[in-house]
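A.B. asks: give me coordinates for this.
(one chain, ligands or ions: 2)
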Amino acid sequence: MASFEIIGGTKLRGEIIPQGAKNEALQILCAVLISPEPIVIHNVPNIIDVNKLIELLNDMGVLVTKITSSSYRFESKDINLDFLDTEDFKKKASALRGSIMIIGPLLARFGKAKMPKPGGDKIGRRRLDTHFIGLQKLGASFDYDSNDSFYNISASELKGCYMLLDEASVTGTANVVLAAVMAKGETTIYNAACEPYLQQLCSMLNRMGAKISGIGSNLLKIEGVDYLGGTEHTILPDMIEIGSFIGLAAMTGSEITIKNCRIDMLGLIPSVFQRLGIKLEFRGDDIFIPEQENYEIDTFIDGSILTVADQIWPGFTPDLLSIVLVVATQAKGSVLIHQKMFESRLFFVDKLIDMGAQIILCDPHRATVIGLGKQVALRGISMSSPDIRAGVSLLIAAMSAQGKSTIHNIEQIDRGYQNIDTRLNALGAKISRLN
Ligand SMILES: CC(=O)N[C@H]1[C@@H](OP(=O)(O)OP(=O)(O)OC[C@H]2O[C@@H](n3ccc(=O)[nH]c3=O)[C@H](O)[C@@H]2O)O[C@H](CO)[C@@H](O)[C@@H]1O
Ligand SMILES: C=C(OP(=O)(O)O)C(=O)O
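C.D. replies: Residues are numbered from 1 along each chain as shown. Ligands and ions are numbered 1, 2, ... in the order given. Model (predicted):
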């Protein structure tokens, strides 16, 4: 288990380029299985989850060629479906959440798929009903072996239909779209998730010959086609990393420019940080965060305490709530953080409380933060990272704190943030990696 040792209290300065989006990369990589023709993908982040998925695809028979440090060519001409029966597959596919999206393309192209219970953050119950009910509607059948936590899915033919998803699941929508693009006839998916990740996936599939309309909305119409060809695709900048850097700049009183953000695809993210009192300047496609001694949390118009809650897109993403929470600990004013989707994602506040933050965990979904207004600095402590976003939030807290902090289990951070220590040290941070 590796750790970071952080000397806090230093201000950062300079420019940083966001990595390619982790959650988009996972969808796009799974999608390469749907065509036998070459697919070139640019801006692939070099992070643990993505590298694990590339390795898994390679084991399944996908020819993987690394063109540059962030561009790859994939060719899924000969897929070895027998690999799905091996222990190696089970181990590797269950090591991350994103691997679940190989089911859709495998069903579309080969009529069968297998999947162990996927991994990912332990942030509460993460059901897969939306995936399987959606695939069933298209004509697939599945059984779940609870002894070895294995799903077997098969379909002699997939047929388009109307479906109303029971929830707007991000990976669930991707899986159903990936199966429906090659189903017979028309599929309508209502209550579809519509994150930029999915918009990108659907646009890529259309470039490959799919017929998807309604992209960006929660009503997708898909006319099935028989064959999908190759394409080239560039992954968007990671909006969660961009939000993390905005929070980091504010909390450490730093002046940072985040380059090439695709501001048009960030939805509510900038405005939520602005409501925390953080000044942002949009310079072309860059976000400039000036050095700010203090930032003050807005109230609602009627004067009541601000609530920041997650919602399905285009609402505020749950993946940035931990960062909003940590940033609020040093703001002036108070905010209620309401994490509706996941029930175990706020428990990391214990560590912030140990560092001196004033937080009341009202219940597993809600925490009230009473900002210290930088009157009292947080103090460095030793802690462990429970999940990817809590991990980065603790890193931000440690960078703003007085003294030394140690964060253990940083594999949780590395699975989604590319060389974060090196990139932040280039801006003046003092982070050492201990193996
Ligand atoms: C690999 C990947 O892409 N992971 C992301 C994906 O996970 P993932 O696709 O696994 O998450 P889902 O969208 O399926 O759902 C996440 C959680 O929210 C709940 N839920 C979902 C939809 C809804 O309308 N109401 C509701 O309560 C679900 O029951 C579940 O507990 O989306 C999550 C929600 O944005 C993000 O946190 C994850 O980073
Ligand atoms: C929860 C997350 O990831 P995963 O779905 O891969 O666990 C995340 O990216 O915040």
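
A.B. asks: for this structure, give me the ranges with low pLDDT.
C.D. replies: Residue ranges of the chain with pLDDT under 70: none are present.

A.B. asks: ligand 2 contacts on that one?
C.D. replies: 22-23, 97-98, 120-121, 123, 319, 388-389, 416 (CB under 6 Å from any ligand atom). Placement of C-beta: from N, CA and C, glycine included.

A.B. asks: hmm, 8 Å instead?
C.D. replies: 22-23, 26, 49, 96-98, 119-121, 123, 126, 171, 240, 318-319, 342, 387-389, 415-416 (CB under 8 Å from any ligand atom).

A.B. asks: tell me the spacing between the nearest residue to Met251 once chain neighbours are set aside and ligand 2.
C.D. replies: Leaving aside its chain neighbours, Met251 sits nearest to Ser400 (4.5 Å; criterion: CB to CB, 6 or more residues apart in numbering). Computed as CB to the nearest ligand atom, to the nearest Å, the Ser400 to ligand 2 distance reads 21 Å.

A.B. asks: what's the local residue count around the nearest residue to Asp298 once chain neighbours are set aside?
C.D. replies: Spatial nearest neighbour of Asp298, chain neighbours left out: Arg275 (4.5 Å); criterion: CB to CB, 6+ apart. Arg275 has 17 neighbouring residues, counting by other CB atoms under 10 Å.

A.B. asks: still on that earlier bit, need the buried ones from the residues of the chain next to ligand 2 selected in PyMOL.
C.D. replies: What follows is the PyMOL syntax selecting those of the residues of the chain next to ligand 2 that are buried according to 16 or more other CB atoms under 10 Å:
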select buried, resi 22+23+26+49+96+97+98+119+120+121+123+126+171+240+318+319+342+387+388+389+415+416
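
A.B. asks: checking the closest residue to ligand 2 within the chain next. Helix, strand or coil?
C.D. replies: In the chain, the residue that lies nearest ligand 2 is Gly120 (2.9 Å; CB to the nearest ligand atom). With DSSP: H, G, I helix; E, B strand; the rest coil as the basis, Gly120 sits in coil.

A.B. asks: pull the contacting residues for it.
C.D. replies: Taking CB atoms under 8 Å, 6 or more residues apart in numbering, we find Gly120 in contact with 96-98, 126.

A.B. asks: 10 Å - rerun?
C.D. replies: With contact taken as CB atoms under 10 Å, 6 or more residues apart in numbering, Gly120 is in contact with 26, 49, 94-100, 126, 171, 387-388, 415.

A.B. asks: same check on Ala140?
C.D. replies: Contact analysis of Ala140 by CB under 10 Å, 6+ apart lists 103-104, 107, 111-113, 132, 134, 153-158, 179, 183.

A.B. asks: recalculate using a threshold of 6 Å.
C.D. replies: Contacts for Ala140 (CB atoms under 6 Å, 6 or more residues apart in numbering) come out as 107, 153, 155.

A.B. asks: same check on Met341?
C.D. replies: Contact partners of Met341, counting by CB under 6 Å, 6+ apart, are 310, 318.

A.B. asks: and it, that one's in a helix?
C.D. replies: No: applying three-state DSSP, one finds Met341 to be coil, outside a helix.

A.B. asks: what about it, distance to Gly416?
C.D. replies: 17 Å (CB to CB, to the nearest Å).

A.B. asks: now Ala367
C.D. replies: Ala367 sits 22 Å away from Gly416, going by CB to CB.

A.B. asks: which SS class is Phe273?
C.D. replies: For Phe273, the secondary structure call by three-state DSSP comes out as helix.
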